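> Have a look at this prediction, sequence included:
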Amino acid sequence: MPETWGVEMKNLVILGAGGFAREVAWLVEEINREIPTWNLLGFIDQNETKWGIVLDGYPVLGGFETVINSPNGSDLNTVCAVGDPLSKKSLVERARIAGFTFVNLIHPNVCMSNQIRMGVGNIICAGNTLTVNIEIGNHVIINLACTVGHDCKIGDYSTAAPGANISGNVTIEDGCDLGTGFSIIQGLRIGAWTVVGAGAVVTCDIPAHCTAVGVPAKPIKFHDQDERSKKLLHRDL
């Protein structure tokens, strides 16, 4: 363990209390083993049935209102550990209104160049390789063992599941949900708020607001994004 004497740890809460949130807590522990950085207070979840339970040593502190009114409520850093892009966006907007500060969590063993531009609220898990001249937006999740090639752009709120392979010069627009083991060849674009299924191989551009599956990947349905957003809003309230 690294020496922690005199190091000021920053308070951190994780938005969400599901399986991926527990993995992010482990990611925080891995970061702290290298450089003591985060005092992980626990999880925030709007599901009252989870309040007070302890997950892998960290409590579910409550919902936004409970945590904001706590002694540390005005001094909290956060990330959103929810994979679904629309749910993630909804929670991030509430955290932003509450005044939380968004941070990036990057596993110490991630192989990445210095030629990467990145926003805030991003989670990059173990085993990833990100090469050169990549642009990553805000609140992006890149899960375990993915590759991202040169000159790629990944938009806000997108999520790449484990084992995703993104070739060079690919543009992934905002809110994309990329399934486990998905691949895309170079120079293509995936439209905003599109879902690409597990194991899909993308060999041509994929339009926005659809679900695409298969080898090669093809759209099988299109989404009514406004209706889905309304349902999420009512659920969160």
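On my side now, so go ahead.
> what mean pLDDT does the longest helix anywhere in the chain have?
Scanning the chain for the helix with the most residues, using DSSP state H, yields helix 19-34. The pLDDT scores in helix 19-34 average 98.
> Domain map for this structure?
10-81, 106-222 (automatic domain parsing).
> ok, of the ones you listed, where does mean pLDDT dip lowest?
Among the domains of the chain, domain 10-81 scores lowest, at a mean of 93.
> by contact count, what packs against the longest helix of the chain?
Contact partners of helix 19-34 among helices and strands, from 3 or more C-beta pairs under 8 Å, 6 or more residues apart in numbering; DSSP states H and E: strand 10-15, strand 38-44, strand 54-55, strand 105-106. (Glycine included, C-beta is placed from N, CA and C.)
> Kindly present those as a markdown table, with separate columns for mean neighbour count and distance to Thr129.
Converted to a markdown table, these look like this (neighbours: other C-beta atoms under 10 Å; distance: least, C-beta to C-beta, whole Å):
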| stretch | mean neighbour count | distance to Thr129 |
| --- | --- | --- |
| strand 10-15 | 22 | 25 |
| strand 38-44 | 21 | 24 |
| strand 54-55 | 14 | 30 |
| strand 105-106 | 20 | 13 |
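> partners of Phe102 in the sheet?
Beta-bridge partners of Phe102, counted by DSSP bridges, are Thr78.
> Let me see the contact set for it.
Going by C-beta atoms under 8 Å, 6 or more residues apart in numbering, Phe102 touches 77-79, 92, 95-96, 120-121, 138-139.
> are any of those buried, and which?
Neighbour-count burial (16 or more other C-beta atoms under 10 Å) is assigned, among the contacts of Phe102, to 77-79, 92, 95, 121, 138-139.
> how far away is the most centrally placed residue in the chain from Val120?
Nearest to the mean C-alpha position of the chain, by C-alpha atoms, centre = their mean, lies Ile141 at 2.8 Å. With distances taken as C-beta to C-beta, to the nearest Å, Ile141 is found 13 Å from Val120.
> Check Asn11 too.
Asn11 is 17 Å from Val120, by C-beta to C-beta.
> Repeat that for Thr66.
24 Å.
> still on that earlier bit, keep only those of the contacts of Phe102 that are in strands.
Counted as lying in strands by DSSP state E, out of those, are 77-79.
> okay if I get these as TSV plus distance to Leu86?
Below are the ones in strands among the contacts of Phe102 laid out as TSV (distance: C-beta to C-beta, whole Å):
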residue	distance to Leu86
Asn77	23
Thr78	18
Val79	17
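> hang on, the earlier thing: out of the buried ones among the contacts of Phe102, the closest to Gly42 would be?
Thr78 (11.3 Å; C-beta to C-beta).
> show me the contacts for the closest one.
Contacts for Thr78 (C-beta under 8 Å, 6+ apart) come out as 12-15, 44, 95, 100-103, 121.
> For Val195, see how far away His107 is.
From His107 to Val195 the distance is 25 Å (C-beta to C-beta).
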